[in-house]
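Asks: pasting a predicted model and its sequence here:
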Amino acid sequence: MDEQAHQLIEQLAASHALPIEGYEYLVEHQSEQAARLLAEHARAQRIAIYGNEVFIRGLVEISSYCRNNCHYCGLRAGNASCERYRLDRSEILERVDMGHELGFRTFVLQGGEDPRLDDAMLCDTVAAIKERHPDSAVTLSLGERSFESYAALRAAGADRYLLRHEAADPDYYAQIHPADMPYERRMACLQELRELGYAVGAGFMVGAPGQTPRHLAADLAFIERFKPEMCGIGPFVPHHATPYAHEAAGTLEQTCYLLSIVRLIHPPVLLPATTALGSIHPQGREQGILAGANVVMPNLSPPDVRSKYAIYDNKAHTGVESAEGLDELDGRLQSIGYRLVVDRGDPRTKECD
Ligand code: SAH
Ligand code: SF4
């Protein structure tokens, strides 16, 4: 590693900030030694705040319908070959009840932007989850909705909202989204969610088509500015029925490198080792944890719909990627010095003793 990269890493670890050129330099000059140093700092800072505990979230994929056409995603409206399904309230509650028994204390309801997921149905479902499981947190990940809708869902009991910013560089955002998805609306949604008191999750894909170190530096500068409570970072993985069918996937190495950097930018961030990372490499989840991640989100959807929620090709949803595989996942994490816990896994601000 060159001297400048070394200095930038030490500066980042000590001050949790860099000029945007510093982030760009680190992304451009990724090396094994730089990755190792970043991961060492990231693990130390994560352990100071969260110990060796890994938080689990039960992911219930509630609808594969989507009105949008994000160029990268297999659920895009233009994909006529996508199998569409929608869970109703009782199917969602059944999965949540089962997840609670397995030890989950956070439930993530995720779906495409499905106009049939109206506020009445969603608020009713969120309220029912909170009533049955007052010890649990509800996270929503349902894309862009109106302020009124976000407010109603928050009032119904939703605690957190995941809405990846996808790209902080406006030109690059416009490159990977259709014209009817303006960058400004995405940013406004994130602000609105924060105003409403949600714990907010931003995030981005790694290695998406046309993405440059400068674009990633803009993402890192955004994380430094916005300080989201959660940050989802996973490799781009191509889907065969999208405009990006023949593009290369992002790499395990670059994703882990960025996970470490994000941990150092905002040490208390809740940072998942994502399913996409687990899907591109058999040890993806463990590598993500060793890079500074502290959350995993096993699939809690009804087994018969899992393969229909095909955001990208070969998305893992069995074994350690599934809620039923928690014991195996725990064993694998214990072998690298970490352990799963039964906990809501709220963001912490103070260091633990
Ligand atoms: N509709 C909601 C939630 C489902 S998509 C939303 O868009 O927020 C959840 C995330 O999957 C997106 O934020 C995107 O970053 C990621 N994603 C979509 N297509 C992907 C692909 N081909 N490879 C990797 N991640 C992808
Ligand atoms: Fe729809 Fe989300 Fe996929 Fe975009 S990323 S097409 S909003 S499901």
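Replies: Ah, there it is. Ligands and ions are numbered 1, 2, ... in the order given.
Asks: what does the stretch 201-350 of the chain have sitting close to ligand 1?
Replies: If contacts are counted using CB under 6 Å from any ligand atom, the residues of the stretch 201-350 of the chain sitting beside ligand 1 are 205, 234, 236-237, 239, 276, 311-312. Placement of C-beta: from N, CA and C, glycine included.
Asks: which one of those is nearest to ligand 2?
Replies: Proximity of these to ligand 2, judged by CB to the nearest ligand atom, is greatest for residue 311, which lies at 6.1 Å.
Asks: wait, what's in contact with the closest one?
Replies: Neighbour list for residue 311: 73-75, 239 [criterion: CB atoms under 8 Å, 6 or more residues apart in numbering].
Asks: neighbour-wise, which one of these leads?
Replies: In terms of neighbours by other CB atoms under 10 Å, the contacts of residue 311 top out with residue 75 at 26 neighbours.
Asks: what is the neighbour count of the nearest residue to residue 81 once chain neighbours are set aside?
Replies: If you skip the residues right next to it in sequence, residue 81 has residue 241 as its closest partner in space, 5.2 Å away by CB to CB, 6 or more residues apart in numbering. Each residue near residue 241 was counted by other CB under 10 Å, and the total is 14.
Asks: next, the contact list for residue 241, please.
Replies: 74, 79, 81-82.
Asks: could you do residue 257 as well?
Replies: For residue 257, counting by CB under 8 Å, 6+ apart, the contacting residues are 27, 30, 34-35, 38, 291.
Asks: state the pair within the residues you listed that is farthest apart.
Replies: By the measure CB to CB, 27 and 291 form the most distant pair in those, at 14.8 Å.
Asks: so where do the helices sit in the stretch 101-250 of the chain?
Replies: Counting by DSSP state H, counting those that start in this stretch, the stretch 101-250 of the chain has these helices, from start to end: 119-132, 147-155, 170-176, 183-195, 213-226.
Asks: got these as CSV, with mean neighbour count columns?
Replies: Compiled in CSV, these are given as follows (neighbours: other CB atoms under 10 Å):
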stretch, mean neighbour count
helix 119-132, 17
helix 147-155, 17
helix 170-176, 17
helix 183-195, 17
helix 213-226, 21
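Asks: residue 317 is nearest to which of those helices?
Replies: Closest approach to residue 317 among the helices of the stretch 101-250 of the chain (CB to CB): helix 119-132, 21.8 Å.
Asks: and the closest one with helix 147-155, angle?
Replies: Calculated by axes from the mean of the first three to the mean of the last three CA atoms, to 10 degrees, helix 119-132 forms an angle of 20 degrees with helix 147-155.
Asks: please name every helix or strand in contact with helix 119-132.
Replies: Applying 3 or more CB pairs under 8 Å, 6 or more residues apart in numbering; DSSP states H and E, one finds that helix 119-132 makes contact with helix 89-102, strand 106-111, strand 137-141, helix 147-155.
Asks: to the chain's geometric centre, what's the distance from that helix?
Replies: Taking the mean of its C-alpha atoms, helix 119-132 sits 23 Å from the chain's own mean (CA atoms, centre = their mean, to the nearest Å).
Asks: is it up against ligand 1 anywhere?
Replies: No: Helix 119-132 is not in contact with ligand 1 by CB under 6 Å from any ligand atom; minimum separation 13.6 Å.
Asks: can you count the residues close to residue 252?
Replies: By the measure other CB under 10 Å, the count of residues near residue 252 is 18.
Asks: one step back: ok, residue 27 and residue 291, which is more surrounded?
Replies: Here residue 27 and residue 291 are compared on neighbour count by other CB under 10 Å; more neighbours surround residue 291, at 28 against 21.
Asks: mind listing what the more buried one touches?
Replies: Counted by CB under 8 Å, 6+ apart, residue 291 has contacts 38-39, 42-43, 256-257, 259-260, 263, 273.
Asks: repeat that with 7 Å
Replies: In this structure, residue 291 makes contact with 39, 42, 256, 259-260, judged by CB atoms under 7 Å, 6 or more residues apart in numbering.
Asks: pLDDT wise, what is it at?
Replies: Model confidence at residue 291, given as pLDDT, is 98.
Asks: ok, residue 250 next?
Replies: Here, the pLDDT recorded for residue 250 equals 98.
Asks: so who does the closest residue to it other than its chain neighbours touch?
Replies: Once its chain neighbours are removed from consideration, residue 250 has its nearest residue in residue 207; the separation is 2.4 Å (CB to CB, 6+ apart). With contacts defined as CB under 7 Å, 6+ apart, the neighbours of residue 207 are 235-236, 249-251, 254.
Asks: which residues in the stretch 251-353 of the chain form strands?
Replies: All strands of the stretch 251-353 of the chain, identified by DSSP state E, counting those that start in this stretch, fall at 295-296, 339-341.
Asks: so which of those strands is the most packed in?
Replies: Across those, averaging neighbours per residue (mean count of other CB atoms under 10 Å) puts strand 295-296 on top, at a mean of 24.
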